[in-house]
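Undergrad: Got a predicted model here, sequence first, then my questions.
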Amino acid sequence: MTIHVSPVRRNLNFHLPKERISRWNGGGPHFTQFLNALSVFFPEGERFFIQSVRNYRDQVTDKKLQEDVRGFIAQEAFHGREHEEYNEALQEAGFPVDRYEGIVTNLLETVKKYTRKDAQLGVTVALEHLTAILANTLLKHPELLENSDENFSLIWQWHALEETEHKAVAFDVYKQVVGSGVYSYLLRTTTFVLANVIFVSLLTPFYLDIIRRDKQLTNMKGWGKAFQYLWGRPGAIRKVIPDWLDYFKPGFHPWDHDNREYLKSAEALESFVLNLTPIEA
Ligand SMILES: [Fe+2]
Ligand SMILES: [Fe+2]
């Protein structure tokens, strides 16, 4: 059975309490800052995803997929906008987000300048898979957002839900325009490995720099708790390894991991967020 899910546009604002940026997650400063470091990549990364899919928009002939592409672009644009506000809070708290974002921008500009458009789409499909499996962990283990500030918790739930909703869109475009042959498989898997290596080699120094500036480098108890969250129980990173490896199966499709059950809460989440009271400036 082929699964089809249409991405829904939800224009939401999360009115983040900026002063809580470094301590919003119940898992402590180290897990909070891990998620904050991930957020650094979103606005620039999502703009790149949108562009790489737009490059092929005219070649998408399937009506349903054309509609999905529109939904995908809208969702990523809203994510970018909300995470820009998120990252501003991080900048205002004294972390040089501008500098980190500058590095990400330069890298993506270089990719756009020197690589083929199908490889750029490959990078997008690769990073969408990474995002989708991390989003799945967040939805499967709500304890990762337990005892946390509500607004921050909601922005992550919303993002995780929509990443799940649109997880197959860039993939389906890729299949339609690059095909399913050997070249398509090799490009898809090579860009996946490279994108992961580059992403981790940027995320790690950004994260450590944030932790150092937050004066948490020698807080061993804090490291222990974050390690538990990421590699122990629930094990946000440990749990994604099998799904990560599935990308190498020649016939892989993002909906092989059927996690539509989590999308049932989307409507309730949307109406809840619409009723959030803005925080006084
Ligand atoms: Fe996104
Ligand atoms: Fe996405």
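TA: It's in. Ligands and ions are numbered 1, 2, ... in the order given.
Undergrad: Sort out which residues of the helix or strand hosting Phe171 are buried, please.
TA: Phe171 is part of helix 169-178 when elements are defined by DSSP states H and E. By 16 or more other C-beta atoms under 10 Å, the buried positions in helix 169-178 come out as Val169, Ala170, Phe171, Asp172, Val173, Tyr174, Lys175, Val177, Val178. To be clear about C-beta, it is placed using only N, CA and C from the backbone, and glycine gets the same treatment.
Undergrad: again, but for stretch 184-194
TA: Of the residues in stretch 184-194, those buried by neighbour count under the rule 16+ other C-beta under 10 Å are Ser184, Tyr185, Leu187, Arg188, Thr189, Thr191, Phe192.
Undergrad: quick one, the helix or strand encompassing the third one and helix 169-178 angle?
TA: Yep, that's Leu187 we're talking about. Secondary-structure assignment from DSSP H and E places Leu187 in helix 182-213. The directions of helix 182-213 and helix 169-178 differ by 150 degrees, with axes from the mean of the first three to the mean of the last three C-alpha atoms, to 10 degrees as the criterion.
Undergrad: how far does helix 182-213 sit from the chain's center?
TA: Distance of helix 182-213 from its chain centroid, counting by C-alpha atoms, centre = their mean, to the nearest Å, is 13 Å.
Undergrad: And the average pLDDT for the helix or strand that that helix is followed by is what?
TA: Beyond helix 182-213 in the direction of the C-terminus, DSSP H and E gives the next helix or strand as helix 220-231. Helix 220-231 shows a mean pLDDT of 94 in the predicted model.
Undergrad: again, but for stretch 169-178
TA: Taken as a whole, stretch 169-178 has an average pLDDT of 98.
Undergrad: Tyr247 contacts Thr189, correct?
TA: Yes. Between Tyr247 and Thr189 a contact is recorded at 7.1 Å, counting by C-beta atoms under 8 Å.
Undergrad: Residue of this structure nearest ligand 1, please.
TA: With C-beta to the ion as the measure, His79 is the residue of the chain nearest to ligand 1, at 3.6 Å.
Undergrad: quick one on the thing from earlier: what is in contact with Tyr247 and Thr189 at once?
TA: With contacts taken as C-beta atoms under 8 Å, 6 or more residues apart in numbering, not a single residue reaches both Tyr247 and Thr189.
Undergrad: re the thing from before, for Lys112, state which of the buried residues of helix 169-178 is nearest.
TA: Looking at the buried residues of helix 169-178 and their distance to Lys112, the nearest is Ala170, at 15.9 Å (C-beta to C-beta).
Undergrad: which residues touch the closest residue to Leu276 other than its chain neighbours?
TA: Closest residue in space to Leu276, ignoring its immediate chain neighbours: His15 at 5.6 Å, by C-beta to C-beta, 6 or more residues apart in numbering. For His15, the contacting residues are Asn151, Leu276, Thr277, Pro278, Ile279, taking C-beta under 8 Å, 6+ apart as the criterion.
Undergrad: And Arg57, by the same measure?
TA: The contact partners of Arg57, taken as C-beta under 8 Å, 6+ apart, are Gln66, Val69.
Undergrad: Now do the residue lying closest to Arg260 once chain neighbours are set aside against Leu130, distance only.
TA: In space, not counting the residues next to it along the chain, Arg260 is nearest to Val5; the distance is 6.5 Å by C-beta to C-beta, 6+ apart. When C-beta to C-beta, to the nearest Å is applied, the distance between Val5 and Leu130 equals 19 Å.
Undergrad: ok, now Ile50?
TA: Ile50 sits at a distance of 17 Å from Leu130 (criterion: C-beta to C-beta).
Undergrad: cool, and Val40?
TA: When C-beta to C-beta is the yardstick, Val40 and Leu130 sit 15 Å from each other.
Undergrad: what about these two, which has more around it?
TA: Per other C-beta atoms under 10 Å, whichever of Val40 and Leu130 has more neighbours is Val40, with 26 against 19.
Undergrad: okay, the more buried one: pLDDT?
TA: According to the model, Val40 carries a pLDDT of 98.
Undergrad: Tell me which helix or strand it sits in.
TA: Following DSSP H and E, one finds Val40 within helix 29-54.
Undergrad: how far out from the middle of the chain is that helix?
TA: Relative to the mean C-alpha coordinate of its chain, helix 29-54 is positioned 6 Å out (C-alpha atoms, centre = their mean).
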